[in-house]
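Engineer: Test case, fold it:
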Amino acid sequence: MESMTLLGSEIKRDSGYSKNEEHTRSLLRALSRQTDLVKLGGGAAAIERHRKKGKMFVRERIEALIDPGSRFMEIGLFAAHGMYEEYGGAPSSGTVFGIGKIHGRDVVIVANDATVKAGAWFPMTCKKNLRAQEIALENRLPLVYLVDSAGVFLPLQSEIFPDKEHFGRIFRNNAVLSSLGIVQIAAIMGPCVAGGAYLPIMSDEAMIVEGTGSVFLAGSHLVKAAIGEEIDNESLGGASVQCEISGVTDHKMKDDRECLEKIRSIVSKLGRRPQAGFNRESPRPPRFSSEELYGIIPADRSKPYDTFQILARLIDGGDFDEYKAGFGKTIITGYARIDGWAVGIVANQRSVVKTSGGEMQVGGVIYSDSADKAARFIMNCNQKLIPLVFLQDVTGFMVGSRAEQGGIIKDGAKMVNAVANSVVPKFTFLIGNSYGAGNYAMCGKAYDPRLIYAWPSAQIAVMGGKQSSETLLGIKVQAMEKGGKHITSEEQGNLLKEIQDRYNTELDPLFAAARLWVDGIIDPVETRDLVSRGIEMANCNPDIPRFNAGILQT
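Structural biologist: Numbers count the residues shown, from 1 in each chain. Predicted structure coming up:
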C-alpha cells in the first residue's frame, strides 16, 4: 500500500454542500415513493384477491425462497414505468427479477406478478426476462422461474411474438443455458398457458402446485372452440394430470411454501465449479463516509467537482494506484479495491484540469490524450484479470478544429474498441451526464456491462437538454417558415418550452430504467455493495476468453 496515493480530503460543509445534499436527498425521497408504489404490483386489493386463491404474493414468494436475512438484489424494478398507460399500466412489467442467495449461492430468480394483468407478458416483460437469462449466462448462475402467468398480452402480441429478441428467444435461451450446464428450475404456481408452457418445461426440473398450478398449450375455452371438447382446466393440465399421467412435470407440491422449500433443497445439493479467481483481500471501509457523496454531486449539473473526492468515498481506505496520473487528466484511471475486490477504475474527471503544457481542459469532456490513456488502461486490466468499474459523468468527446486535427476520432475509436473487446467483467454507474458517444466509450448498455446502474443525478441523451432543445427548435422553425408561416418570438418561446419539457422527461433516469437502459436507479451509498455483489457473481464463471486488443495493436 506504500506506493498508493491516499485519495480525498475532508469536505467543507458549507452552504453549497448543504444545498447539494438536500437536492440529492430530495431525489432519493421521490425515488423511494415511486419504489413503494411499484412494489405493490397491481395494488393492495389485487394482492388480497391473489391471497384468497391460496397463493403467496410474488414478493412473499421470493422472500421465502432466499436465505433468511439476505438481500434480494432486484434488477429492472422500474421496467415499463410510465408505459402501457392506455392499458392501465404494467408496474415492473408484471415480473420481479433479481439475484438472491439460496444456501449461500447466488441464483437468478424470475417471478411473474399475477396481480398485474394476471401476469401477462408485455413487450418489456420479454426484454426483462431476456436480461435475466443474459445475467445467468454471463455469470454461470442457476436460474429459478416462479411461473404464474396468463401468457402474452394479446393487444400487443405483434410487439412480443415473432422477432429475434421476442418471446421465442426465451425458449431458445432455455436450451442454450441447459446445454452449458447452467441449472434451470421452474415452479408452476399458477396458470402457464400456450407458448409460455415451454419455459418451465424446457427447464431442467419442474414442479407444480396442486390446485393453483396448471400448464397446457390451450386452455379449456380454446380447446372447446378448436375441437369441441368439453373439459375444465384442472382436468386438462392440473398438477395430478401433469405429474401422474403425462409426466410433464417432476414434482407435485401441496402449496407455495412446500414448493419453495423443494427448490431450496434442490439448490442446496448443486455442485460447485471452478471460479474465475478475481483477487480479493479483507474489505475495508472507504476513507470517508459514503453518505458524503450526497453533498459532492452538484445540484446544478453544469458545475464542476473533483471526482477524486467521489472515489475517496467509494474505494477501500482511499488507497488508489493511479495510472498515468499526469496525462489525459479528464479521465481518471487506476487500481483500487472495493469491498476487498481488486478493481480497475475508469472515471470522468469533472473538475477543470490543466495539462503539462498549461492548457485548460473542460471537465467531463474526453480529449485525445484521455481516450488513449483509458484504452491502454483497459487493456492492462484485461491482461491482469482485474474487473473494471466505470463512473460516467461525460458530456462527450472534444469537438472543434484543434481536436479534429489532433485525431480525436481515431483516439476515441481506440477507446471504444478497447471497451468493446474487454473480456473482464465491467460494471457501469451513471453518476451525472451520459451524453453522446461518451456513453459508449464509458461502457454504456450497448457494451455489455455485467451490471449498469444510475444514480438519481444521472441523465442519458445524445446531447444536453439546452443544446438539444435549441437544435430541435431551429429545425422546427425552419420547416414552418419554409411552409410560409412566420413565427413570432413569443411562439418560438412556447415551442422551445414544449420541446424542453418533452426532452427533460426523456432525460430523467426513470425514463432510462423503464426501458432497461439501466438495471435500476440506486442510492449512491449502494454503489460499493453492488460492485461487490457483481464481482462475486462474475467470479462464478471461470471461462474468460483471451483479450483481443484489435486496433490498439496498430
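
Engineer: what sits against residue 383?
Structural biologist: residue 547 (Cβ atoms under 8 Å, 6 or more residues apart in numbering). (Glycine included, C-beta is placed from N, CA and C.)

Engineer: cool, residue 316 as well?
Structural biologist: Counted by Cβ under 8 Å, 6+ apart, residue 316 has contacts 283, 284, 285, 286, 336, 337, 338, 339, 340.

Engineer: Repeat that for residue 185.
Structural biologist: 142, 143, 144, 145, 203, 204, 205, 206, 263, 266, 267.

Engineer: isn't residue 249 right up against residue 243?
Structural biologist: Yes: using Cβ atoms under 8 Å, residue 249 is in contact with residue 243, at 5.2 Å.

Engineer: any low-confidence regions in the chain?
Structural biologist: Within the chain, the segments meeting pLDDT under 70 span 1-3, 195, 463-470, 472-473, 549-554.

Engineer: Return the residue of it that is most distant from the centre.
Structural biologist: Within the chain, residue 484 marks the point farthest from the mean C-alpha position, 47.3 Å out by Cα atoms, centre = their mean.

Engineer: Can you tell me the element residue 328 falls in?
Structural biologist: Under DSSP states H and E, no helix or strand contains residue 328.

Engineer: How much space separates it from residue 220?
Structural biologist: For residue 328, the distance to residue 220 (Cβ to Cβ, to the nearest Å) stands at 67 Å.

Engineer: higher neighbour count, the two?
Structural biologist: Between residue 328 and residue 220, counting by other Cβ atoms under 10 Å, residue 328 is the more crowded of the two (27 against 18).

Engineer: pretty sure residue 193 contacts residue 151?
Structural biologist: Yes: Residue 193 is within contact range of residue 151, at 4.2 Å (criterion: Cβ under 8 Å).

Engineer: And those two? Which one has more around it.
Structural biologist: Comparing residue 193 with residue 151 by other Cβ under 10 Å, the one with more neighbours is residue 193, at 23 against 19.

Engineer: show me what contacts the more buried one?
Structural biologist: Taking Cβ under 8 Å, 6+ apart, we find residue 193 in contact with 149, 150, 151, 215, 216, 217, 218, 219.

Engineer: which of those residues tops the neighbour count?
Structural biologist: Ranking the contacts of residue 193 using other Cβ under 10 Å puts residue 215 first, with 29 neighbours.

Engineer: which residues does residue 343 contact?
Structural biologist: 315, 335, 336, 337, 386, 387, 388, 389, 531, 535 are the contacts of residue 343 under Cβ under 8 Å, 6+ apart.

Engineer: Those in strands, which ones?
Structural biologist: Per DSSP state E, strands hold the following members of those: 335, 336, 337, 388, 389.

Engineer: can you redo those as a markdown table with neighbour count?
Structural biologist: Below are these laid out as a markdown table (neighbours: other Cβ atoms under 10 Å):
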| residue | neighbour count |
| --- | --- |
| 335 | 20 |
| 336 | 24 |
| 337 | 22 |
| 388 | 23 |
| 389 | 28 |
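
Engineer: Quick check: the farthest pair among those residues?
Structural biologist: 337 and 388 (13.7 Å; Cβ to Cβ).

Engineer: Near the closest residue to residue 338 other than its chain neighbours, how many other residues are there?
Structural biologist: Of all residues not flanking residue 338 in the chain, residue 531 sits nearest, at 4.7 Å (Cβ to Cβ, 6 or more residues apart in numbering). By other Cβ under 10 Å, 23 other residues sit near residue 531.

Engineer: Double-check residue 531 against residue 341; I have them as touching.
Structural biologist: Yes: the pair residue 531 / residue 341 is scored as a contact, 7.1 Å apart, by Cβ under 8 Å.

Engineer: Tell me if I'm right that residue 56 and residue 62 touch.
Structural biologist: No: Residue 56 is not in contact with residue 62 according to Cβ under 8 Å; the separation is 9.3 Å.

Engineer: hmm, back to that, if we take the contacts of residue 193, which one ends up nearest to residue 513?
Structural biologist: residue 149 (22.6 Å).

Engineer: Now the closest one: phi and psi?
Structural biologist: Per-residue torsions, residue 149: phi -140, psi 140 (degrees, to the nearest 10).

Engineer: Buried ones in the helix or strand residue 374 falls within, by neighbour count?
Structural biologist: In the assignment (DSSP H and E), residue 374 maps to helix 368-384. By neighbour count on 16 or more other Cβ atoms under 10 Å, the buried set for helix 368-384 is 368-379, 381-382.

Engineer: Make TSV from the residues you listed and add distance to residue 540 to it.
Structural biologist: As requested, the buried residues of helix 368-384 are exported to TSV (distance: Cβ to Cβ, whole Å):
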residue	distance to residue 540
368	38
369	37
370	34
371	33
372	34
373	32
374	28
375	28
376	29
377	26
378	23
379	25
381	20
382	19
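
Engineer: what bridges to the nearest residue in space to residue 436 that is not next to it in sequence?
Structural biologist: Closest residue to residue 436 apart from its sequence neighbours, by Cβ to Cβ, 6+ apart: residue 396 at 3.9 Å. Note on residue 396: beta-bridge partners by DSSP bridges are residue 365.

Engineer: thinking residue 396 is in contact with residue 362, fair?
Structural biologist: No: if you go by Cβ under 8 Å, residue 396 and residue 362 don't touch, sitting 10.6 Å apart.

Engineer: In terms of neighbours, single out the busier of those two.
Structural biologist: residue 396 (21 against 14).

Engineer: Tell me which residues touch that one, please.
Structural biologist: Counted by Cβ under 8 Å, 6+ apart, residue 396 has contacts 365, 366, 435, 436, 437, 438, 463.

Engineer: ok so, going back, next, give me the two most distant ones among the contacts of residue 193.
Structural biologist: Greatest spatial distance among those (Cβ to Cβ): 149 and 218, at 15.1 Å.

Engineer: For the longest helix seen in the chain, which residues meet the burial criterion?
Structural biologist: Using DSSP state H to define each element, the chain has its longest helix at helix 15-38. Applying a neighbour-count criterion of 16+ other Cβ under 10 Å, one finds 20, 21, 23, 24, 27, 28, 31, 34, 38 buried in helix 15-38.

Engineer: Not counting its neighbours along the chain, what's nearest the third one?
Structural biologist: The shortest distance from residue 23 to any residue that is not its chain neighbour, by Cβ to Cβ, 6+ apart, is 3.6 Å, and that residue is residue 299.

Engineer: now swap in the fifth one and tell me
Structural biologist: Among residues not flanking residue 27 along the chain, residue 456 sits closest, at 3.7 Å (Cβ to Cβ, 6+ apart).
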